[in-house]
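**Q** How does the following fold in three dimensions:
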Amino acid sequence: MTMINGYVRSISILNIMNQNYASMMKHMRRVATGLRINSAADDPSGWAIGTRMGIEIRGLDQASRNAQSSQSMLKVADGAVSSTIDILRTLKEKAIEAANDTCTDADRRTIQKLFNEYADQIDDNALVTFNGKYLLDGSKNSQAQAVQQAYTNSSLGIGTSGATRLTDLTRRDGDSLRILDTDTVHVSYVKDGKTYSTSYTAASTTLGDIFAKANAIDTAVFDTGGMDGTSTIGIDSHGKTVTTPDDAGAVTVKAKTAGTAGAVSGFTISITDKNGQVKKSADCALDAFSETIQPRDASADNTLYTQTGTKSGQGMKTALGDMRAEALGLKGSNGTVLDVTTKKGANAAINVLDNALERALDQSTTIGAQSSRLDYTISNLTTQSENLTSAMSTIMDADMAREITEYTRANILVQAAQAMLAQSNQNMGWFLSLLK
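**A** Sure, this is the predicted structure:
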């Protein structure tokens, strides 16, 4: 009976020791991993919540890396556009130099060589790549419909239209341009890298006649039917109605043909009196046409997409335009480069380069705005990840001080149980001695 009772005591001590050992191992695992929940068995609901949070955190970190990669890509594109702007700035200086009669024909031919080489370099800039993707060749543009290019003059008086006689033209402030019947109108435009020019006497002609005369030089390139002087400029490539910034009336002339094939790189209008002197005050207002709708061909959406969130559709699109010399109006479809070998050509080239600079600056500011937005995107994603990590830590992480204390307690109890089990077994050993 004593042996049986002693055996039962040993079993009881063994059970207590096993319980303490299991508790010790649980706390040991928490101390080793730093986690309170190491499996679903520890806390099923907490495990599910913590796992979802962990997945979200990894998604946020990947989205942040996506944004950083896209920002690096935009820096590459911005570097190429900045180089193109520098080239255009230099070319404008040279065009102004070529327009001066202190230049000989030989000097202008030398300047033309620079135009030829720099136009080719602009093409090289447009073919810059990032991870094998061409960025500025027009292949990464937004969805568009074919539209007519539009030039708008907001310097002429309100109420001016294509039917207004040149002798009746006024500035925005109402002051007359003082164009006389005997004055001469000089018109030049550049298309496909080639310069076209004509001159005629103002007489009783109208503003619309300027572009009609230009159409008569070679082929019709201007649409003079919509020069109504209203605030509506036209429809852009995204189907939106474009109006003047101040919603006041202005004269708009469009390209005859929609798309890039009909685009006019630039044009210039000048008035001279009967003595051949340029009427600069009149020119300042009359030649103030600026491109308000860029020509676009119909195309699908080829924008670059950056996934900046953990859910479908959480991202941003980046449209990169066509920065090739042909798209900027410096080169024709047949490879003909903007001609500055004559004074008229050089004067026409100045306006072409102004338009090209506006397009390049527009692209540069678009890239800059996107890059700045990505700075905030990365900062926001980092903050989300940090805050979510803190929340997951509250659920999943172990209280190290408490776990070490509990582990120490359980370890002591295991050792005490081991000692008591050994003592119990020793106490029962006297019965064996009776059998000797």
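**Q** contact partners of stretch 16-27?
**A** Contact with stretch 16-27 is made by 403-404, 406-407, 410-411, 413-414, 417-418, 421, as judged by Cβ atoms under 8 Å, 6 or more residues apart in numbering. All C-beta spots, glycine's among them, are computed from the backbone N, C-alpha and C.
**Q** which one among those residues gets closest to K213?
**A** E403 (91.1 Å; Cβ to Cβ).
**Q** Enumerate every residue touching that closest one.
**A** By Cβ under 8 Å, 6+ apart, the neighbours of E403 are 27, 30-31, 36.
**Q** Can you list the residue ranges for strands in the stretch 1-150 of the chain?
**A** Taking DSSP state E, counting those that start in this stretch as the test, the strands found in the stretch 1-150 of the chain are 129-130, 133-134, 150-153.
**Q** isn't G46 right up against M392?
**A** No - with contact defined as Cβ atoms under 8 Å, G46 does not reach M392; the gap is 10.1 Å.
**Q** L357 and I122: what is the separation?
**A** 12 Å (Cβ to Cβ, to the nearest Å).
**Q** got it, and V337?
**A** 10 Å.
**Q** Overlap in contacts, these two.
**A** Residues touching both V337 and I122 by Cβ under 8 Å, 6+ apart: 325, 330.
**Q** Compare neighbour counts for these two and give me the winner.
**A** Using other Cβ atoms under 10 Å as the criterion, V337 and I122 rank with I122 on top: 27 against 20.
**Q** what sits against that one?
**A** With Cβ under 8 Å, 6+ apart, I122 has these contacts: 84, 87-88, 323-325, 328, 330.
**Q** just those now: which is nearest T241?
**A** Nearest to T241, judged by Cβ to Cβ, of these is L328 at 26.1 Å.
**Q** any idea how far the closest one is from V190?
**A** For L328, the distance to V190 - Cβ to Cβ - is 11 Å.
**Q** The nearest residue to G59 once chain neighbours are set aside in helix, strand or coil?
**A** Excluding its sequence neighbours, the residue lying closest to G59 (Cβ to Cβ, 6 or more residues apart in numbering) is T310, at 3.6 Å. In three-state terms, and counting by DSSP: H, G, I helix; E, B strand; the rest coil, T310 is coil.
**Q** Just to check, T310 is in contact with D61?
**A** No - the criterion here is Cβ under 8 Å, and T310 misses it with D61 at 9.9 Å.
**Q** quick one: which of the contacts of I122 is nearest to H186?
**A** L330 (22.4 Å).
**Q** Near L177, how many residues? Count them for me, please.
**A** L177 has 22 nearby residues by other Cβ under 10 Å.
**Q** list the contacts for S161?
**A** 207-208, 227-229, 251.
**Q** how about those residues, which pair is most distant?
**A** L207 and D228, at 11.5 Å, using Cβ to Cβ across the contacts of S161.
**Q** Sketch out the helices for this protein, chain order is fine.
**A** 2-33, 44-98, 105-126, 207-215, 280-286, 343-396, 400-427, 430-433 (DSSP state H).
**Q** Most tightly packed of these?
**A** Neighbour counts (mean count of other Cβ atoms under 10 Å) averaged over each of the helices of the chain peak at helix 207-215, with a mean of 20.
**Q** Dump it to PDB, keeping only the CA atoms.
**A** What follows is helix 207-215 as a C-alpha-only set of coordinates in PDB (Å, rounded to 0.1, in the frame of the first residue of the first chain):
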ATOM      1  CA  LEU A 207      -6.600  89.700 -90.100                       C
ATOM      2  CA  GLY A 208      -7.900  86.500 -91.700                       C
ATOM      3  CA  ASP A 209      -6.300  87.500 -95.000                       C
ATOM      4  CA  ILE A 210      -2.900  87.100 -93.400                       C
ATOM      5  CA  PHE A 211      -3.400  83.400 -93.000                       C
ATOM      6  CA  ALA A 212      -5.200  83.100 -96.400                       C
ATOM      7  CA  LYS A 213      -2.100  84.700 -98.000                       C
ATOM      8  CA  ALA A 214       0.000  82.100 -96.100                       C
ATOM      9  CA  ASN A 215      -2.100  79.300 -97.400                       C
END
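**Q** mean confidence score for that helix?
**A** For helix 207-215, the mean pLDDT works out to 94.
**Q** Reformat the strands of the stretch 1-150 of the chain as TSV; add distance to Q19 and mean pLDDT.
**A** Listed next are these as TSV, based on distance: least, Cβ to Cβ, whole Å; pLDDT from 0 to 100:
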stretch	distance to Q19	mean pLDDT
strand 129-130	62	96
strand 133-134	63	94
strand 150-153	86	95
